[in-house]
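A.B. asks: just need the structure, nothing else, for what follows:
(chains A and B)
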Amino acid sequence: MRAAAPQRSSPVRPTSSRIWLQGLLCGTLIAVAAPAALLLAVLGLPALLAWLFDRAPGRPMARNLALAAAAASLPALAALWHAGHNWAACLDLLADPSRLALAWALQAGFWLLGELAPLAARLALDAAAAAQATRLRARRAEYEREWGLRQAGDDPP
Amino acid sequence: MPPPPATLPATGPPETLIGGCYAVDFQQLLGEAGGGLPSFAAADRRSGRGGLMAVQVPPLAPPRAQALALLAQAQIESVLLPLAHGPATPPGGAPAWFVVSQAPPGTPVWPAGALTQRPWSEEELLDCLLRPAAAALARLQARHLTHRAIRPDNVFRARPGDPVTLGLAWATPPALLQPALFEPPYSAMCPPAGRGAGSIADDVYALGALLLTLALGRLPLAGLDDNAIIRAKLERGSFAALAGEARLPPAIADLARGMLAEDPEHRPPPALLADPIAARARRVAARPPPRAQQPLATSAGPVWNARMLAHAIAGDPAHGAHLLRSGAADRWLRRGLGVPGLAVRLDDAARQHEPDSEDGRADALLALHATAVLDPLAPLAWRGLALWPDGIGALLAAGPDRDAALAELLDSEALAVWAAARADRLDPAPLAAEAHQQRALLQLRGWAGGTPRLRYALNPLLPCASKLLAGRCVARLAALLPALEAAGAQPDTTRLLPIDRDIAAFLAARSEDRVEAPLAALATARSPEAAALAQLRLLAPLQQHQPPLPHLAAWLGAHVAPSLSRWQHRRHRAALAASLTTAIEAGDLPRMLAVLDDPTLDSDTQGVRAAVIAVQALDQALAALQAAAPLRAQAARRIGQDTMLGLGLSAVAVAAMAALLG
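C.D. replies: Reported below is the predicted structural model:
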């Protein structure tokens, strides 16, 4: 899991009103749809953990994992809803290891992609910059060759 | 008849052409025909005419350029006239200048080394010597020329009873070889090179001395050195000193007395001498100089009259100034000689030239002024050196020993003082103008001025003295490049640039174009290649109508090649280098200069400035790329997050669709 970005001065902390709002929503969900809440909590456990540990501004990794958890939980919620939305159906669904594995694997995949995507983008941008620098150095060398400008210690940046 | 030629061993080059047609046979040395100068048999290759001679000019004594030019096509009887002149190389010797003329008709009128011979009769003297010589001098006078070489070993005749022929007088500065005996005392007291062209009256004096010598049958004043002869003439008068108590035919004595008058204006003109009876009848009353009862002791010995005092002061200006300032000369002039007027004028002169420094210039000016006051006939005297102003050129040519004194003379007001003191005998304006011109040349800064420039300017036929030329005789500008081409073939020579101080002065004096600016650039060049380019700029115009000069071109090329670095554009520079190499191989100096004066230099300079600006912009762009690395990292993070956000939302949408449809 990605740690909080060190270059940031301080992690963005949710305001107390947002915390209260989130607590209220969670409480309402637990009170109204406790089986669905349990199902979501179990299937989205990696996302919940990421939400706890991701200190980066906007919690991008937790957001990614939350979306992955949502995508993996929606079929299970639909199945729970069709099964009457009760604790038995919830436990049946949770007892299916393939469902749990798929949900967690999907979140693991999103975590991995979330880690790799900035690296890939960084590589691509650096490659473009290096190509541009090469072109500039070539033009500089051409000037040096034509006009004899290069002198000792006159290395280009 | 000419003397039989002495045959020398056959060595060296067989023949040299002077003036394009006169061949010198260096194997045939003509004994006394040159009047004291080495002379060789010569022949005209165009007409086949023989009986000519080539007289060798001594080093450091240039021939008389003006006379050679004026007499080139002249026809004057009884004098040897120049036919051509130019350089030639004797076998085994250094190149020298030669003057070609008709060979003399016979032997000199006075055998070399003889102290006595049979006295000539009055008829012989008048018919064979005086009339033909006077006629020749009159013709020369009509051309504003003087002979200045009438002496026993330079006057020839075929056989007794034949008219004489005056020998060659044009191969040296005027009167250079004249013994003091045959010169007026005011000319003899000068160094031989400083006697100047003088006037035709000086030739009349020399002819009078020769007349007297041949009439006596012995050399007058034999055994005396030059200074003693001069003192004797000044003390007793020339005629009295030379004739002594000898008995001469009255007509000859009258003629000689007139011809040997101390004042040139009292001597009969040559046209009058052609009629000896009329000349004898012309008597000029010239009082002998007043003689003191007691002599005045000077560093030159006791003096008895004002002329001798002037001579003594001229010879030792420091002691002379002491005599004048201490009042000794004043007392002697007033009480001993009885000429208070002179004493007053000398007193005025002493007050005008009060000593003001330790360099003795005031003493020198006082001595010069006093000499002119005491003896208006005397030459200019400066720091012990007596000279006539028209002898300055030949004196400079004679060597560097007197350069400093002559430079000081021209740099001071000495000429003006001297001319003003004898204004009744000389118009000071032309002399002042000439001195001003010479002073301007002296004061020119750089290699275009100074005594070297003046030396060549006043001696149009003086060969260039540069050591780079290794003894080659270069008296004219056209000969300079061939000589440098020959010098360029010597590897040791080419380490230095081809123009040194002497060649620069020679160029400045001989060139018809203004070369002061390039010479100034040469003197102030900050780098060797700049100096080499300045030299190329001086030499290239001289190659018009000349053959290729590959050695000189290579010589200069090695020194000017670095100046191609002025061009920054490498391809253009390489092209110029190739063109320069081609021009060097062709020995073409103007082409070399054209390559190095390529008009693209300005655009090249502008181009390099633009290139520098462009490189600076590129460096800034590269630095900006390097500095943008953190921004790229931030952007990469943002892109990654946005991508994952999009992917997550897509997955949610797909899952929702599947849940709704399923």
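A.B. asks: can you list the weak-confidence ranges in chain A?
C.D. replies: A:1-15, A:150-157 (pLDDT under 70).
A.B. asks: which non-adjacent residue is nearest the closest residue to chain A within chain B?
C.D. replies: Across chain B, the shortest distance to chain A (CB to the nearest CB) belongs to B:Gly648, at 2.7 Å. Placement of C-beta: from N, CA and C, glycine included. Nearest residue to B:Gly648, sequence neighbours excluded (CB to CB, 6 or more residues apart in numbering or on different chains): A:Leu67, at 2.7 Å.
A.B. asks: OK, now which residue of chain A is nearest to chain B?
C.D. replies: For chain A, CB to the nearest CB, closest residue to chain B: A:Leu67, 2.7 Å.
A.B. asks: about what we covered before: isn't the residue of chain B closest to chain A right next to A:Ala69, touching?
C.D. replies: No - with contact defined as CB atoms under 8 Å, B:Gly648 does not count as touching A:Ala69 (9.4 Å).
A.B. asks: which of those two has more neighbours?
C.D. replies: Legend: neighbour count by other CB atoms under 10 Å in any protein chain shown for B:Gly648 and A:Ala69, higher for A:Ala69 (27 against 22).
A.B. asks: regarding the more buried one, what is its secondary structure?
C.D. replies: The three-state assignment at A:Ala69 reads helix, by DSSP: H, G, I helix; E, B strand; the rest coil.
A.B. asks: quick one, strands of chain A?
C.D. replies: Counting by DSSP state E, one finds no strands in chain A.
A.B. asks: err, chain B, not the other one
C.D. replies: With DSSP E as the criterion, chain B has strands spanning B:6-7, B:16-18, B:22-30, B:39-44, B:52-56, B:82-88, B:96-102, B:107-108, B:155-157, B:165-166, B:296-298, B:301-303, B:380-382, B:385-387.
A.B. asks: and those strands as CSV, adding mean pLDDT and distance to B:Pro340?
C.D. replies: Shown next, in CSV, are the strands of chain B (pLDDT from 0 to 100; distance: least, CB to CB, whole Å):
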stretch, mean pLDDT, distance to B:Pro340
strand B:6-7, 42, 63
strand B:16-18, 83, 61
strand B:22-30, 92, 59
strand B:39-44, 94, 55
strand B:52-56, 95, 53
strand B:82-88, 94, 52
strand B:96-102, 95, 53
strand B:107-108, 94, 50
strand B:155-157, 95, 46
strand B:165-166, 97, 46
strand B:296-298, 92, 15
strand B:301-303, 91, 18
strand B:380-382, 93, 24
strand B:385-387, 94, 27
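A.B. asks: any chance of CSV for those strands, columns distance to chain A?
C.D. replies: Shown next, in CSV, are the strands of chain B (distance: least, CB to the nearest CB, whole Å):
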stretch, distance to chain A
strand B:6-7, 68
strand B:16-18, 53
strand B:22-30, 58
strand B:39-44, 61
strand B:52-56, 58
strand B:82-88, 49
strand B:96-102, 52
strand B:107-108, 75
strand B:155-157, 74
strand B:165-166, 72
strand B:296-298, 75
strand B:301-303, 78
strand B:380-382, 60
strand B:385-387, 60
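A.B. asks: need those strands in CSV with distance to B:Leu622, can you?
C.D. replies: CSV is the format used below for the strands of chain B (distance: least, CB to CB, whole Å):
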stretch, distance to B:Leu622
strand B:6-7, 89
strand B:16-18, 73
strand B:22-30, 78
strand B:39-44, 82
strand B:52-56, 77
strand B:82-88, 69
strand B:96-102, 72
strand B:107-108, 95
strand B:155-157, 94
strand B:165-166, 91
strand B:296-298, 91
strand B:301-303, 94
strand B:380-382, 76
strand B:385-387, 77
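A.B. asks: as JSON lines, those with mean neighbour count and distance to B:Leu593 would be great.
C.D. replies: Listed next are the strands of chain B as JSON lines, based on neighbours: other CB atoms under 10 Å in any protein chain shown; distance: least, CB to CB, whole Å:
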{"stretch": "strand B:6-7", "mean neighbour count": "10", "distance to B:Leu593": "50"}
{"stretch": "strand B:16-18", "mean neighbour count": "19", "distance to B:Leu593": "32"}
{"stretch": "strand B:22-30", "mean neighbour count": "21", "distance to B:Leu593": "36"}
{"stretch": "strand B:39-44", "mean neighbour count": "24", "distance to B:Leu593": "40"}
{"stretch": "strand B:52-56", "mean neighbour count": "26", "distance to B:Leu593": "38"}
{"stretch": "strand B:82-88", "mean neighbour count": "23", "distance to B:Leu593": "28"}
{"stretch": "strand B:96-102", "mean neighbour count": "25", "distance to B:Leu593": "31"}
{"stretch": "strand B:107-108", "mean neighbour count": "21", "distance to B:Leu593": "54"}
{"stretch": "strand B:155-157", "mean neighbour count": "23", "distance to B:Leu593": "53"}
{"stretch": "strand B:165-166", "mean neighbour count": "25", "distance to B:Leu593": "50"}
{"stretch": "strand B:296-298", "mean neighbour count": "18", "distance to B:Leu593": "62"}
{"stretch": "strand B:301-303", "mean neighbour count": "17", "distance to B:Leu593": "63"}
{"stretch": "strand B:380-382", "mean neighbour count": "26", "distance to B:Leu593": "45"}
{"stretch": "strand B:385-387", "mean neighbour count": "22", "distance to B:Leu593": "43"}
